[in-house]
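> Give me a 3D structure for the following:
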Amino acid sequence: MGLARSVAFLALTALSLWSFLPASSSNDALDCCLRTSHVPIPRKIVLDYVVQRIPDGCPIHAVVFITVRGKQLCAPPHAHWVRRLTDRLDSGYQSKNNLWSK
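Coordinates of the predicted model:
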């Protein structure tokens, strides 16, 4: 009976540990902006941007700027300063690509 008790204890321990483990690493949850800021972001702190879209599973349409420190700042896509900043970033990529192609 000691062996049966040990096996039962081991099974219960394994089951309880398993229930506390996080779900598999294939977590498809998106990191979405829930609101945007209308405060202009200085060009010198921005490295890149991505566009967040509602059809992709996020609640709002936004432009997400990635800063030099790795922060994500959410901005309204139709604001004048946002379009100007994305255009500057895009033209910066073009000039970098032209340097590499020479």
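
> what are the bridge partners for residue 52, then?
Beta-bridge pairing of residue 52 under DSSP bridges involves residue 62.

> in terms of contact, does it touch residue 63 like I think?
Yes - the criterion here is Cβ atoms under 8 Å, and residue 52 meets it with residue 63 at 7.3 Å. C-beta here means a position set from N, CA and C on the backbone, and glycine is covered the same way.

> Spit out the residues that contact the two alike.
residue 74 (Cβ atoms under 8 Å, 6 or more residues apart in numbering).

> number of nearby residues for residue 61?
Residue crowding around residue 61 was assessed by other Cβ atoms under 10 Å; the count is 16.

> What of residue 65?
By other Cβ under 10 Å, neighbour count at residue 65 equals 22.

> in a strand, that's where it is, yeah?
Yes - counting by DSSP: H, G, I helix; E, B strand; the rest coil, residue 65 is part of a strand.

> What's the separation between it and residue 77?
11 Å (Cβ to Cβ, to the nearest Å).

> cool, residue 92 as well?
19 Å.

> Which one's more surrounded, the two?
residue 77 (17 against 13).

> okay, now the closest residue to the more buried one other than its chain neighbours: neighbour count?
Nearest non-adjacent residue to residue 77, counting by Cβ to Cβ, 6 or more residues apart in numbering: residue 63, 4.9 Å away. Around residue 63 there are 22 other residues, counting by other Cβ under 10 Å.

> I'd like to check which residues are in contact with residue 63.
49, 50, 51, 52, 74, 75, 76, 77, 82, 86.

> If you average the pLDDT over stretch 58-67, what comes out?
The pLDDT scores in stretch 58-67 average 97.

> what's the span of it, first residue to last?
Using Cα to Cα, to the nearest Å, one end of stretch 58-67 lies 21 Å from the other.

> So for it, what gets flagged as buried?
58, 61, 62, 63, 64, 65 (16 or more other Cβ atoms under 10 Å).
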